[in-house]
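1. Requesting a structural model of the entry that follows:
(one chain, ligands or ions: 1)
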Amino acid sequence: MLNAIEGIHHITSMARDANITDQFHTKVLGLRRIKKTVNFDAPDVYHLYYGNRAGQPGSVMTYFPFPNIIDGVRGAGEVGTTVFSVPQGSLDFWEKHLAENATGGIRREQAFGEDRLYFDGIDGDGFALAAVAGDAREPWTDAGIPAEHAIRGFHSATLVLNDASATRELLQLMGFQEKGREGNTTRLEGEGGNGAAVIDLVSDPSARPARQGAGSVHHIAFAVRDAAAQRSVRETLAQEGFHITPVIDRDYFLAVYFRTPGGVLFEIATNEPGFARDEDPDHLGEALKLPRQHEHLRPYLETHLPAIGS
Ligand code: ZN
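-> Next up, the predicted model:
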């Protein structure tokens, strides 16, 4: 069993409209935009990153806004719900705040003894807030969400699968341990986590396959400290027969990717060097940052990428 994985690093989804997505995450959810860059593989599309004050791994929601993308269809083989951590007692505030901002899909539920508020993102993204005691991660409050309510980072992600058993075994290999079952949901948690070390697996044999599009999670990344930890995780996964990519430099972390048995795309990403690598920590996410290989496209991109708010 691996012990290098600290929890979720980031979750990357697809959207249709860059500016509307940006406004929702910064103004409604109150997250900090921590990086404004482009999709390294398709540089005419933004890659927008949102997180808590420090942009810590375990808090980072990212988006590829493709203007002409089809609608996603929710189903099996994907991350069905991305769950953020908020302080206990804050869900009444959020329920009112989200309703005032025309957010759909609002409902309260309990899961594993925690109160939850589910809601839809701009493109029907499956989101929830979990009320958690004692989450010490520092929130971003400059957007106007008071500190006693503001999002701390991720709490967990829920994967929807036709058969969760192979993915459960994979997560156990990755250092997660089963913590309980409720209905058709199995909860796994990593030890010594970064605050975002819970993965819930929903086993639904009748769920149709998900179709990726706007509002779909593209992949979920798990955090390791550095390149050496990533190398050992990569070797172990390769030995277990997973087809895992070579290490790819994403400027703010090193990434490797592999497809899981249930169809979800996993990434292992390093905490180093982090989002302050090329920006003052006081001004994260303000300027358009381009990777070196696309810097020559700056004049074109600065005039052709849609303007997004500050
Ligand atoms: Zn990623």
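2. For the rest of this, base every contact and every neighbour count on C-alpha atoms.
-> OK.
3. Contacts for the helix or strand Tyr300 falls within, please.
-> Using DSSP states H and E, Tyr300 falls within helix 298-304. Identification of contacts with helix 298-304 by C-alpha atoms under 8 Å, 6 or more residues apart in numbering yields 44, 288, 290.
4. send the alpha carbons of that helix over as CSV?
-> Output of helix 298-304 as CSV, limited to C-alpha atoms (Å, rounded to 0.1, in the frame of the first residue of the first chain):
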residue,chain,number,x,y,z
ARG,A,298,0.4,35.9,-26.2
PRO,A,299,-0.5,38.8,-28.6
TYR,A,300,-3.1,36.5,-30.2
LEU,A,301,-4.4,35.0,-27.0
GLU,A,302,-4.7,38.4,-25.2
THR,A,303,-7.1,39.6,-27.9
HIS,A,304,-9.0,36.4,-28.6
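5. buried sites along that helix?
-> Buried residues in helix 298-304, defined by neighbour count with 16 or more other C-alpha atoms under 10 Å: Leu301.
6. What of stretch 215-224?
-> So, applying 16+ other C-alpha under 10 Å, buried residues of stretch 215-224: 215-224.
7. quick revisit: let me see the mean pLDDT of the helix holding Tyr300.
-> In this model, helix 298-304 has an average pLDDT of 96.
8. Next: stretch 91-105.
-> Here the average pLDDT along stretch 91-105 is 97.
9. show me what contacts Ala287?
-> Contacts of Ala287 by C-alpha under 8 Å, 6+ apart are Lys36.
10. so what pLDDT did it get?
-> So Ala287 comes in at 95 (pLDDT).
11. With Phe40 instead?
-> pLDDT, Phe40: 93.
12. again with Met1
-> Per the predicted model, pLDDT is 69 at Met1.
13. Report the spatially closest residue to Arg33, excluding sequence-adjacent ones.
-> Tyr50 (4.4 Å; C-alpha to C-alpha, 6 or more residues apart in numbering).
14. Now for that neighbour, how many residues are close by?
-> 26 (other C-alpha atoms under 10 Å).
15. Same question for Ser85.
-> Ser85 has 25 nearby residues by other C-alpha under 10 Å.
16. I figured Leu33 was touching Leu284, is that so?
-> Check again: residue 33 is Arg, not Leu. Yes - at 7.0 Å, Arg33 counts as touching Leu284 under the criterion of C-alpha atoms under 8 Å.
17. Who has more neighbours out of the two?
-> Between Arg33 and Leu284, Arg33 has the larger neighbour count (other C-alpha under 10 Å), namely 26 against 22.
18. That one falls within a helix, correct?
-> No - using DSSP: H, G, I helix; E, B strand; the rest coil, the secondary structure at Arg33 is strand, not a helix.
19. which residues does it contact?
-> Taking C-alpha under 8 Å, 6+ apart as the test, what Arg33 contacts is 22, 26, 48-51, 284-286.
20. Confirm that the residue nearest to Arg33 lies within a strand, as I assumed.
-> Yes - counting by three-state DSSP, Tyr50 falls inside a strand.
21. Tell me who's in contact with it.
-> So Tyr50 contacts 25-26, 31-35, 59-62 (C-alpha under 8 Å, 6+ apart).
22. As JSON lines, those with pLDDT and distance to Arg208 would be great.
-> Shown next, in JSON lines, are those (pLDDT from 0 to 100; distance: C-alpha to C-alpha, whole Å):
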{"residue": "His25", "pLDDT": "98", "distance to Arg208": "29"}
{"residue": "Thr26", "pLDDT": "97", "distance to Arg208": "33"}
{"residue": "Leu31", "pLDDT": "98", "distance to Arg208": "32"}
{"residue": "Arg32", "pLDDT": "98", "distance to Arg208": "35"}
{"residue": "Arg33", "pLDDT": "98", "distance to Arg208": "34"}
{"residue": "Ile34", "pLDDT": "98", "distance to Arg208": "35"}
{"residue": "Lys35", "pLDDT": "98", "distance to Arg208": "35"}
{"residue": "Ser59", "pLDDT": "98", "distance to Arg208": "30"}
{"residue": "Val60", "pLDDT": "98", "distance to Arg208": "28"}
{"residue": "Met61", "pLDDT": "98", "distance to Arg208": "26"}
{"residue": "Thr62", "pLDDT": "98", "distance to Arg208": "26"}
